[in-house]
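A predicted structure for the sequence below; I have some questions about it.
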Amino acid sequence: MDNKSNFIYNIINQDLNFKKYTIIHTRFPPEPNGYLHIGHVKSIYLNFNIAKYYHGKCNLRFDDTNPDKESKEYVEAIKSDIQWLGFMWNGEVCYVSDYFEQLYNYAVELIQKGLAYVDELSIYAIREYRGTLKKSGQNSPYRSRSIKDNLFFFSKMRNGEFPEGSVCLRAKINMSDSSMIMRDPVLYRIKYTTHHRVGKSWCIYPTYDFSHCISDAIEGITHSLCTLEFQENRRLYNWILKNISITKHPIQYEFSRLNIKYIITSKRKLNLLVVNNIVDGWDDPRMPTISGLRRRGYTARSICEFCKRIGISRQDSYIELSELESCIRDDLNKHSLRLMAIINPIMVKIINLPTGYIEKIPMPNHPNDCSMGIRYVFFTQEIFIDRFDLDQYCKNSRFPKLTIGREIRLRHAYVIKVDHFKKDTEGNIISVHCYYDPTTLNRKPIDGRKIQGVIHWVSATKNISAEFRLYDKLFIHPTPDIVINILNIVNPRSLVISHGFVELNPIFSNNPGPYQFEREGYFILDYQYSKPTYLVFNRTVTLKKSNKSIRFIKPQ
């Protein structure tokens with residue numbers, strides 16, 4: 001992200017030039033009602049990096065004002081994800097629940113000023129009275145209550161003397177305002193659910209709009225940054241701060257939310273995938289959650305690089321998924337050990353090698369980084385190659401494929417030449433029988449003949465059995481967030497499982513990766529399913545951007 005061209009940095013620079021602030025103070029305020037996803041990272045990256053760039057502060061504040069959906073589990077998961085991304089908040093973690101008494105007192109102040117009232121309309125009646133964008137709202141019959149009565153009823157709300165949902169506290173602004181948000185918004189509601197931090201000590205809870213601006217002011221936040229869907233809320237943000245006796249007045253600024261093609265970030269819609277067993281949990285590698293991306297093999301570096309590349313603006317748009325994939329490819333290409341794995345195995349028997357032959361061949365762990373060292377791979381009479389390196393299974397390929405009489409090089413090893421195939425009764429190849437040229441270990445043939453094509457391989461006797469989970473886009477629709485029923489657009493091939501082999505290597509016992517399986521892609525070990533004798537790998541991304549598009553099926 002170019003700080004000079006970013007409109008938020010320009011605003012901050014101007015504020016500092018006019019000495020409006022001496023310390024820049026931002027915050028990241030998640031609600032602990034779910035797991036962080038890729039959409040949150042844009043805000044995390046922006047707020048924490050602003051604080052770092054200006055030698056300021058960034059708070060982590062949990063907006064824990066809805067005990068029905070929040071839990072300590074989500075609090076800990078969010079903290080862990082932020083730290084994994086490489087960020088650390090200023091001082092102690094903050095909670096809106098830390099300010100409940102202050103918030104209550106500010107609500108009382110609004111009542112005393114005649115700017116808030118206790119309303120007994122039902123939630124449905126409140127919606128009806130609020131009107132529409134084309135029709136003004138109408139005043140609640142309880143709007144004209146006296147200040148004394150409102151203070152009395154608000155006290156009764158706090159004491160738990162009303163049933164849940166029977167009354168609420170509303171701001172008294174203007175029921176004819178052009179903005180629906182300013183038509184006497186709800187400030188407090190009753191909830192008897194036990195809170196994960198304060199227990200049952202409170203039964204009234206402030207709404208986001210009321211608590212958010214005041215919490216910013218209490219903490220001394222200078223720039224309150226949020227996404228564009230809160231643009232209309234800014235008027236209410238300013239109205240509340242203007243009408244209470246608080247000295248600091250933060251300013252809210254909005255930026256565009258992160259929209260990525262083929263990805264949804266709605267917690268409600270993501271939950272549909274979980275409860276309908278489309279995915280195996282919130283950390284499924286197809287999910288856009290931080291835990292899902294991490295399990296798939298995405299690194300914190302690549303995710304932050306993605307945020308840097310896309311930048312910050314006020315223009316809503318969709319980012320191509322390939323932009324995110326490009327970031328992880330660039331990162332893994334630099335840092336991944338190279339290994340060989342066979343995902344679609346077929347046996348190759350080398351005719352001119354004796355039974356039981358074993359040779360250890362040195363191979364570089366990275367072609368461009370000698371500091372990663374070398375490893376030794378077993379070369380034996382029987383090896384596995386990929387079935388799709390046979391001409392019969394991959395017609396019309398622009399790369400050389402094995403046919404009878406054709407030579408090809410084994411990666412970092414010898415040249416082999418096909419003598420014959422062994423087939424089953426239906427004509428399917430079940431094994432390949434070859435001769436190898438013993439003079440061609442990592443060198444050209446002595447007679448100067450040209451060998452076209454290099455393929456990967458694994459010993460058939462010195463290997464580890466493995467399962468390969470090949471992930472693709474979860475949806476067949478490029479903008480799934482606009483589809484009413486996302487279950488109709490789930491990609492049936494978002495997960496394809498293959499069974500094969502990886503080279504025998506002790507590194508798997510203590511290093512989950514990432515690895516580049518040569519010619520196959522970037523993978524990471526999934527400890528959740530792996531066993532010492534049977535490894536499970538998740539493919540993070542293919543080696544190159546695929547030009548194949550998912551066939552679009554019109555949703556029902």
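Perfect, thanks for sending it.

For the residue of the chain most remote from its centre, give me the pLDDT.
What lies farthest from the middle of the chain is Asp447; by CA atoms, centre = their mean that is 54.2 Å. In this model, Asp447 is scored at 93, pLDDT.

Could you measure from it over to Val415?
11 Å (CB to CB, to the nearest Å). From N, CA and C alone the C-beta is placed, and that goes for glycine too.

next one: Ala341
For Ala341 relative to Val415 (CB to CB), the value is 22 Å.

Looking at the two, which is more packed in?
Ala341 (28 against 22; other CB atoms under 10 Å).

Look up which residues are beta-bridged to the more buried one.
Val502 (DSSP bridges).

For it, give me its contacts.
Residues near Ala341 by CB atoms under 8 Å, 6 or more residues apart in numbering: 456, 458, 466, 468, 500-503, 517, 520, 523, 537.

repeat for Val118
Residues counted as contacts of Val118 (CB under 8 Å, 6+ apart) are 142, 145, 149-150, 153-154, 157, 167-170.

Any chance of CSV for those residues, columns distance to Arg443, neighbour count and pLDDT?
Supplementary listing: those in CSV, determined by distance: CB to CB, whole Å; neighbours: other CB atoms under 10 Å; pLDDT from 0 to 100:
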residue, distance to Arg443, neighbour count, pLDDT
Tyr142, 91, 16, 98
Arg145, 93, 19, 97
Asp149, 95, 14, 99
Asn150, 91, 22, 99
Phe153, 90, 20, 99
Phe154, 87, 23, 99
Met157, 85, 21, 99
Val167, 86, 23, 98
Cys168, 81, 22, 99
Leu169, 83, 26, 99
Arg170, 83, 23, 99
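
of all these, which two lie farthest apart?
Asp149 and Cys168 (15.1 Å; CB to CB).

Next up, phi/psi of the closest residue in space to Asp389 that isn't next to it in sequence, please.
Excluding the flanking residues, the one nearest Asp389 by CB to CB, 6 or more residues apart in numbering is Ile455, at 4.7 Å. Per-residue torsions, Ile455: phi -130, psi 160 (degrees, to the nearest 10).

and Ile455, bridged to which residues?
Under the criterion used (DSSP bridges), Ile455 bridges to Leu410.

What distance do you get for it to Pro285?
28 Å.

likewise Asn365?
For Asn365, the distance to Pro285 - CB to CB - is 25 Å.

between those two, who's got more neighbours?
Taking other CB under 10 Å, Asn365 and Pro285 do not tie; Pro285 has more neighbours (25 against 18).

I figured the more buried one hits Asn538, correct?
Yes: judged on CB atoms under 8 Å, Pro285 makes contact with Asn538 at a distance of 5.0 Å.

Return every residue with contacts to both of these two.
Common neighbours of Pro285 and Asn538 (CB under 8 Å, 6+ apart) are 295-297, 469, 471, 526.

For the stretch 151-300 of the chain, just list every one of the helices.
Under the criterion DSSP state H, counting those that start in this stretch, the stretch 151-300 of the chain carries helices at the ranges 208-219, 233-242, 267-275, 290-296, 300-310.

Specify the stretch among these that is closest to Tyr104.
helix 208-219 (10.5 Å).

Please name the residues that touch the closest residue to Tyr253 other than its chain neighbours.
Using CB to CB, 6+ apart and skipping residues adjacent in sequence, the residue nearest Tyr253 is Leu225, 5.5 Å away. Neighbour list for Leu225: 8, 26, 43, 46-47, 50, 252-255 [criterion: CB under 8 Å, 6+ apart].

neighbours around Phe62, how many?
When neighbours are counted by other CB under 10 Å, Phe62 comes out with 24.

How about Val279?
Count around Val279 with other CB under 10 Å applied: 20.

That one contacts Asn271, doesn't it?
No: look at Val279 against Asn271 with CB under 8 Å: they stay out of range, at 10.5 Å.

could you point out where the stretch 1-150 of the chain is predicted with low confidence?
1-5 (pLDDT under 70).

Which pLDDT value belongs to the residue lying closest to Lys444 once chain neighbours are set aside?
Distances taken as CB to CB, 6+ apart place Ile451 nearest to Lys444, at 7.5 Å, with adjacent residues excluded. Note for Ile451: predicted pLDDT of 94.

Next: Arg296.
98.

That one and Arg338: what is the separation?
Taking CB to CB, one finds Arg296 at 20 Å from Arg338.

coming back round to it: so of the contacts of Val118, which ones are in strands?
168-170 (DSSP state E).

List just the nearest of these to Thr425.
Closest approach between the ones in strands among the contacts of Val118 and Thr425, by CB to CB: Cys168, at 76.4 Å.

one step back: could I get the contacting residues of the residue nearest to Asp389?
For Ile455, the contact set (CB under 8 Å, 6+ apart) comprises 385-386, 389, 402, 408-411, 519.

repeat that with 6 Å
385, 389, 408 (CB atoms under 6 Å, 6 or more residues apart in numbering).

and what of Gly34?
Counting by CB under 6 Å, 6+ apart, Gly34 makes contact with Lys267.

Now do the SS call for it.
The local conformation at Gly34, judged by DSSP: H, G, I helix; E, B strand; the rest coil, is coil.

How much space separates it from Tyr74?
Distance from Gly34 to Tyr74, by CB to CB: 6 Å.

Which helix or strand contains the residue nearest to Trp202 when sequence neighbours are not counted?
Ranked by CB to CB, 6+ apart and with sequence neighbours excluded, the top spatial neighbour of Trp202 is Phe100, at 5.7 Å. In this structure, Phe100 sits in helix 100-112 according to DSSP states H and E.

List the buried residues of that helix.
The neighbour-count check on helix 100-112 (16 or more other CB atoms under 10 Å) flags 100, 103-104, 106-108, 110-111 as buried.

In PDB, list the C-alpha atoms belonging to that helix.
C-alpha atoms of helix 100-112 as PDB (Å, rounded to 0.1, in the frame of the first residue of the first chain):
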ATOM      1  CA  PHE A 100     -21.200  -0.600  30.700                       C
ATOM      2  CA  GLU A 101     -21.500   1.700  33.800                       C
ATOM      3  CA  GLN A 102     -20.300   4.700  31.800                       C
ATOM      4  CA  LEU A 103     -22.500   4.000  28.900                       C
ATOM      5  CA  TYR A 104     -25.500   3.700  31.200                       C
ATOM      6  CA  ASN A 105     -24.700   7.100  32.700                       C
ATOM      7  CA  TYR A 106     -24.500   8.700  29.300                       C
ATOM      8  CA  ALA A 107     -27.800   7.200  28.400                       C
ATOM      9  CA  VAL A 108     -29.200   8.700  31.600                       C
ATOM     10  CA  GLU A 109     -27.700  12.000  30.500                       C
ATOM     11  CA  LEU A 110     -29.500  11.900  27.200                       C
ATOM     12  CA  ILE A 111     -32.800  11.200  29.100                       C
ATOM     13  CA  GLN A 112     -32.200  14.100  31.400                       C
END
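
tell me what it is packed against?
Helices and strands touching helix 100-112, by 3 or more CB pairs under 6 Å, 6 or more residues apart in numbering; DSSP states H and E, are helix 208-219.

can we see that at 8 Å?
strand 116-119, helix 147-158, strand 168-171, strand 186-190, strand 204-206, helix 208-219 (3 or more CB pairs under 8 Å, 6 or more residues apart in numbering; DSSP states H and E).

closest to Asn66 out of those?
strand 204-206 (6.7 Å).

Indicate each strand paired with the closest one and its parallel or antiparallel sense.
Short version: by DSSP bridges, strand 204-206 pairs with strand 186-190 (antiparallel).

Report the distance from the partner strand to the chain centre.
When distances are taken as CA atoms, centre = their mean, to the nearest Å, strand 186-190 is centred 32 Å away from the chain's centroid.
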